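[1] test case, fold it:
(chains A, B, C, D and E, ligands or ions: 4)
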Amino acid sequence: GSDDSGSSGGEGTSDVTIGIVELNLSNPFFGTLQKATEAAATAKGWKTMKAEAKVPGDSATQVTAIENMIANKVKAIVLDPANPTALNPVVKKARDQGILVITVNATLTPIEGADATFATDNTAAGKLIGQWAKASAPANPRIAMLDFDLSDGPAGGRHNGFLEGYGIKDGDPSIAGSALTKGTVETGQSAMENLLSAHPDINVVYTINEPVARGANTALKNKGLADKATVVSVDGACSGVQDVKDGIIGATAMQFPSKMGELAVDAIGKYLADGTKPQSGLNDSGTVLITDKPVDGLESQTSEWGLQNCWGEK
Amino acid sequence: MTDLILQARGLTKHYGHVVAMDNCDFDLRAGEILAVIGDNGAGKSTLIKALTGAVIPDSGEILVKGEPVHFRSPLDARRAGIETVYQELGVATALDITQNLYLGREQRRKGLLGTVFRKLDKPAMRQGSARQMADLGIRVQSIRQKVDTLSGGQRQAVAVARVAAWATSVVIMDEPTAALGVRETNQVLQLIERVRENGLPVVLISHNMPNVWQVADRIHIHRLGRRIAVVEPGSTTMEEAVAVMTGAKQPEALA
Amino acid sequence: MTDLILQARGLTKHYGHVVAMDNCDFDLRAGEILAVIGDNGAGKSTLIKALTGAVIPDSGEILVKGEPVHFRSPLDARRAGIETVYQELGVATALDITQNLYLGREQRRKGLLGTVFRKLDKPAMRQGSARQMADLGIRVQSIRQKVDTLSGGQRQAVAVARVAAWATSVVIMDEPTAALGVRETNQVLQLIERVRENGLPVVLISHNMPNVWQVADRIHIHRLGRRIAVVEPGSTTMEEAVAVMTGAKQPEALA
Amino acid sequence: MGSAELLGREVTKLDDAVLLDKEDRAGPLRAALSSQIAGPLAALVLAVVIFSATTDSFLNPGNLSLIAQQSVVVGTLALGQTLVILTAGIDLSNGAIMVLASVVIGNLATDGNVLGALLAGLAVCLVLGLLNGVLVAQFSLPPFIVTLGVLSVLTAAARLYTDSQSYPITSEFLTALNGGPAFGGVTITYGVMLWIGLTAILGYALTQTAWGVRVYAVGDNPRAAALTGIKVKRVLLSVYLTAAVVYAFAAWQALGRTPTADPSGYSTANLDSITAVVIGGTSLFGGRGGVVGTLIGALIVTVLANGLTQAGIDSLYQQVGTGILVVIAVAVDHFVRTRQTR
Amino acid sequence: MGSAELLGREVTKLDDAVLLDKEDRAGPLRAALSSQIAGPLAALVLAVVIFSATTDSFLNPGNLSLIAQQSVVVGTLALGQTLVILTAGIDLSNGAIMVLASVVIGNLATDGNVLGALLAGLAVCLVLGLLNGVLVAQFSLPPFIVTLGVLSVLTAAARLYTDSQSYPITSEFLTALNGGPAFGGVTITYGVMLWIGLTAILGYALTQTAWGVRVYAVGDNPRAAALTGIKVKRVLLSVYLTAAVVYAFAAWQALGRTPTADPSGYSTANLDSITAVVIGGTSLFGGRGGVVGTLIGALIVTVLANGLTQAGIDSLYQQVGTGILVVIAVAVDHFVRTRQTR
Ligand SMILES: Nc1ncnc2c1ncn2[C@@H]1O[C@H](COP(=O)(O)OP(=O)(O)OP(=O)(O)O)[C@@H](O)[C@H]1O
Ligand SMILES: Nc1ncnc2c1ncn2[C@@H]1O[C@H](COP(=O)(O)OP(=O)(O)OP(=O)(O)O)[C@@H](O)[C@H]1O
Ligand SMILES: [Mg+2]
Ligand SMILES: [Mg+2]
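    Ligands and ions are numbered 1, 2, ... in the order given. Predicted coordinates for the structure are as follows:
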């Protein structure tokens, strides 16, 4: 809509700068989200200021980054909050100065703290793979939970969602054991190895994300148990979908980081052009179950479809 | 027996298979200057450390004025009135001369500043330490020099000055003049005599025989981890004592 | 002039506002034992450090056999054949006696083990160091003791033994006998004379005047950061020299 | 030969300085400047000059006051860290102690008794400081491992305590440190004042009291300190406890900065505080340094982050830039310091 | 008084030990055992005994071989870390160096030239080791800050290089270290053998060569070492370069363990490796310790994680347990060591 600012050199929005505040970029998910946002903004001829939390939960760095962006007079901020409440005051400060703040991926509490939110429902994602696992699990399930720091919002959501979808609670006897990973291949592998040493009968593995799933698979393979256990995960990165295709992962819940960023930038564009604020509250960017072994009553897509719609490097 | 201020009986200290003290005895009388002489590695410093709580002996007992004591740290000995210059000096090289001299006994300002705010009286301490260093005949270019910038002799003087400044009951000095010049050494010997005149006994470890014969009342000869003889400078010559100390002569030969 | 092995002209060193060397000269002749005497803090050690690359002087020049040199580190001096015992000893206390004695000059095994695998010849080095310590008359209970468990004298002996073992051109010793006993001190003095007999000049810093007069050929008197006189023990008495050294007498008075 | 002769007659060219040396004449401020903090200060000034020259937005009062505000939490932690490092220790648990204290405060404050909550937070810090102190002082265990172990325990404990939830802080009292007098767009927050005040108090304690001298002595050479009769263990314990009190203030600061008590926040604050201390010129080997340098060090770290953001550098390149600039900062410090002692 | 008299006649009760002291008689193995590594070994044995008693699955050959496999990456890093710490340094960048090397290898190996890729990884490590070494040795900057800066730069660099993606490793050669002879369910991987081999080589270099003596001398007291004519800077540089070579082996180990080159992996490997070194009895102040202790230290760290999982402890409580047990491990080490020197 606001294309008068393009190459035609109109002064209107050619020197627009927006801020992009992400979570720690060591996770490719957030990297993808940041890049999609930036690409969309650049396409509109805007400049960007970018910052990231150093580690999960690092809201202090985000607060500092937003303060710096306010000082630098950005027009809007796309924020992936590390904590639902810690950023409220600084976001308010930004909005008071007329800066449009849109949260992506996660939400503030209350959600009205931001002008709009484009996010993924991680609980729903967990629930999908929980239901799928329940439906395709063997008779006497032995579950391993490979978690990530549960104080992290998405991690907690996925964990709880999985249990809900599976129809059990924390402490259920069918859970053989749980271990904390750092969301990486290597920590996933070590955690799985240790659990397998104690419980060689594990046959369902919940993983916080696809790198952990890959590590878990290596551990299973090393023990010759890869065929006996079903691994489920969340993310929908291309490498993860490929793993679904290769049978390493049974099912994964795909999310759409690029979409969130693009939607956010569109909303900013509209606001800058004519002052229309986006619809406040949660705009779900969607979750899709990817599996090549669909189960009844659960909508899913194949890995073929997944490979066409996935994010990250193919 | 009350004239024995500091005694030790049967002190033993092993480090692994190294024997540093081997059933060692020690006696210090009131008001005397007792010299301790012995070969390098004979165990003199270990004895001093054991007497002052810096080393815990494996066995044996230590008595102060006839009462058994169990020093667990140098502070315990200091509380019993024993002041010591250790051979390794025990100075904090990152601190300056004044801070070292007053370490553990800092002076505070008069009045509120001192009692409530616990502010140090730096000018007074600086004056005091300049005076103490001067009393030892030691020239330093700034009383604020950190000890690790001092010359060997200046550094030793800091350790000696500290003890001189705080002595109350027994003074022990482990080779206090090793790094000192001629004049400064005489100054320290005079200091030792002054301390005795004030009624405090002094233990002086030294390898400098003329110095020892100059000031000592009695001489404790140490060899292979134990006391093998006690002699008096008046009745024994330096040569005889050195012969015993180095093992060239048996202690019995001394009469 | 080739008979001057080591010379310095106009050396100066300031530390902030502390003057450690003040336009200082120095001359060492071939085959002589040169003693350097001076008050504590006079700047003797600083001079030695400047001569051996351990301190970089602010100005002035150093000549070895008439050639100007610029030592940037002790290693440079060592390469020029100058071996030094520093007053602060320069021993690595976490290493044992043998490791210290051979530090920087380790012996390797014969054959493949030594050339390819670069394996140290520990037994040989251990024997060598036991012999060197013994030559100095120093008794240690185990040649494997770490230096920080040694007595003060033993530690000093390690530093002296090292130099004795490796001397090739000039030997410099900064108070090598300060912590040593009577017998051990004599042993070191004999060592110094042996070195001279082998044709190497020796610089000896000492506060022990009898020792100095016993072995020195010439005596460099240091005061307030500079050389104020050079005397010979034959023609000057200890008392005169000490008077000049402490400032009680003007150097001109010496004739 | 009495003192008169020494200080008078004998004292010629070389010695005009025993009592009234140059430092005295130049005044204590100048002395301090010239010695300890000149290095960090030079690095800070350099960083400010560079960012002022390369960006439009860096050098304005609002941004500068912002930098001070952004420094307070890690800056306050770094003050406690300085004490520990001066004793040749290291505290990897300080961030975790602060976080646990802040979630305890956040939890208890939900009942409305904010003062009680704040005191409970202080108690948490003291207990944990005592734990660190006893393990380090009494059992002579290496501080690195002790505090690493405590860090691990506390990180989990904070999550267990909060069930991994964070508490929004609504109490005005608890977030009071974020307020303060404003002049135009510039707010000097009470938190910044508190930080400077703590620096002054600790600086005073370290340089003007006997306790401070002992802290330096213990850090420099614990064996020598023990020989002079200093109670090394007690000094160590006092340091860990004092640091704990400072961490309690840091927890309060944190609640002001981000009005949320979050069990997963500030997980890199320990390393950040150590960085501030080291850039501030305090030696990790103990016995050398001070809190004023640390204050400057913390500002340097914030200036780098702020300046790189103002310059519009990409976040990954920011990380590259921070790494390089931190090394340059200590290099400047080192250069200035060795020039002085030459 | 010649040596004969000293070693012979004079040498009575106290001196029967100058050359043939007890250590000699007991043999070098026993000597080593009794001195350096007794502490860590006691802690390891204690941990193994406890977990064997409290869980069914811990003490079986398969699990024990697993523990060895799980230790190799951090264990290999810790060997390099030991060298650095022996010189009173610290290397916070070792994990990042390894990660960058492994992603470079992973990227280049996609072309199929695995040997070339491996050599490129080695080159990466050497360049970075050189960088650390020059900054520490030549510019005398504090290793903590230097390696923290390098860590920051490399973490970002690895992500920029890979675009935050990880590379699956398919080359059999690159993952070869994960293979090895199997006996029943027990595999002794080549990686474990390499780890032990590296420990042996470095142990030899540290204790049997002149270089090793100099490393200890420099770490103990660089000033004294310089006075004895040791080229302190060159020794430091050689240590950082040797460590870099070891990190390259760690990168290869990592590719074998998890056949994926992941730019965001191993982010705590630096602290883990330091923990292993310190638990292994090496002093952070330099000059004391050795690589055999480090090997045991790395095993202890793995045993704790493995055993706590076997015991079915909840993940957060595992973190609590690890913290406590790590402190207990150094306490045991400390206790055993002080008993010896008493
Ligand atoms: N911590 C220790 N470990 C092992 N051996 C030790 C330790 N401390 C001292 N020794 C040994 O004990 C013996 C006695 O040492 P001590 O320092 O008491 O000797 P000394 O008589 O003071 O010698 P000096 O005149 O050289 O100072 C020496 O052989 C020394 O090596
Ligand atoms: N790094 C330094 N910083 C400041 N002053 C120093 C430094 N090194 C030496 N000095 C000062 O320089 C002067 C000369 O010291 P030096 O060690 O050379 O004396 P010395 O003649 O060897 O004395 P001694 O006989 O006591 O060993 C002393 O006043 C000393 O305090
Ligand atoms: Mg002694
Ligand atoms: Mg000297």
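[2] which parts of the stretch 101-250 of chain A are strands?
    A:116-119, A:143-148, A:175-181, A:204-207, A:230-235 (DSSP state E, counting those that start in this stretch).
[3] so for chain D, which of those strands sits nearest?
    strand A:175-181 (9.0 Å; C-beta to the nearest C-beta). Glycine gets a C-beta too; all of them are placed from N, C-alpha and C.
[4] can I get the closest one as PDB, trimmed to CA atoms?
    This file holds the C-alpha atoms of strand A:175-181, laid out as PDB (Å, rounded to 0.1, in the frame of the first residue of the first chain):
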ATOM      1  CA  ILE A 175       7.200 -41.600  31.700                       C
ATOM      2  CA  ALA A 176      10.500 -43.500  32.100                       C
ATOM      3  CA  GLY A 177      12.500 -40.400  32.700                       C
ATOM      4  CA  SER A 178      13.200 -36.900  31.800                       C
ATOM      5  CA  ALA A 179      16.400 -34.900  31.200                       C
ATOM      6  CA  LEU A 180      17.300 -31.300  30.600                       C
ATOM      7  CA  THR A 181      18.900 -30.500  27.300                       C
END
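[5] from the contact counts, what lies against that strand?
    strand A:143-148, helix A:185-198, helix E:315-341 (3 or more C-beta pairs under 8 Å, 6 or more residues apart in numbering or on different chains; DSSP states H and E).
[6] which parts of stretch D:233-242 are buried?
    D:233, D:235-242 (16 or more other C-beta atoms under 10 Å in any protein chain shown).
[7] which of those residues sits closest to ligand 3?
    Comparing those against ligand 3 with C-beta to the ion places D:Lys233 closest, at 26.6 Å.
[8] picking that back up, of the helices and strands packed on strand A:175-181, which is nearest B:Ala229?
    For these, proximity to B:Ala229 was assessed by C-beta to C-beta; helix E:315-341 is nearest, at 32.2 Å.
[9] tell me the angle the closest one makes with strand A:143-148.
    Calculated by axes from the mean of the first three to the mean of the last three C-alpha atoms, to 10 degrees, helix E:315-341 forms an angle of 80 degrees with strand A:143-148.
[10] any residue of helix E:315-341 touching chain C?
    No. Figure legend: helix E:315-341 not in contact with chain C (C-beta under 8 Å from any C-beta of the partner chain); closest approach 9.1 Å.
[11] and the angle from that helix to strand A:175-181?
    Going by the same axes, to 10 degrees, helix E:315-341 makes 70 degrees with strand A:175-181.
[12] packing partners of helix E:315-341?
    Packing contacts for helix E:315-341, counted by 3+ C-beta pairs under 8 Å, 6+ apart, involve strand A:175-181, helix D:143-162, helix E:38-54, helix E:269-279, helix E:291-310.
[13] residues touching the helix or strand just after the second one, excluding its own?
    Note on helix D:143-162: by DSSP states H and E, the next helix or strand toward the C-terminus is strand D:167-168. Contacts of strand D:167-168 with the rest of the structure, by C-beta atoms under 8 Å, 6 or more residues apart in numbering or on different chains, involve A:85, A:88, A:109, D:103, D:106-107, D:109-110, D:259-261.
[14] show me where pLDDT drops low in the stretch 201-342 of chain D?
    Low-confidence segments of the stretch 201-342 of chain D (pLDDT under 70): D:339-342.
[15] near chain E, which residues of it?
    Applying C-beta under 8 Å from any C-beta, we find that the stretch 201-342 of chain D lies next to chain E at D:271, D:274-275, D:278-279, D:283-285, D:316-320, D:322-324, D:326-327, D:330-331, D:334, D:338.
[16] which of the contacts of strand D:167-168 lies closest to chain B?
    Checking these one by one against chain B (C-beta to the nearest C-beta), the nearest turns out to be D:Ala109, at 33.1 Å.
[17] and the residues of the stretch 201-342 of chain D next to chain E, which are buried?
    Buried residues within those, counting neighbours by 16+ other C-beta under 10 Å: D:271, D:274-275, D:278-279, D:283-285, D:316, D:318-320, D:322-323, D:326-327, D:330-331, D:334.
[18] what about the stretch 151-255 of chain B, any weak spots by pLDDT?
    The model of the stretch 151-255 of chain B has pLDDT under 70 over residues B:255.
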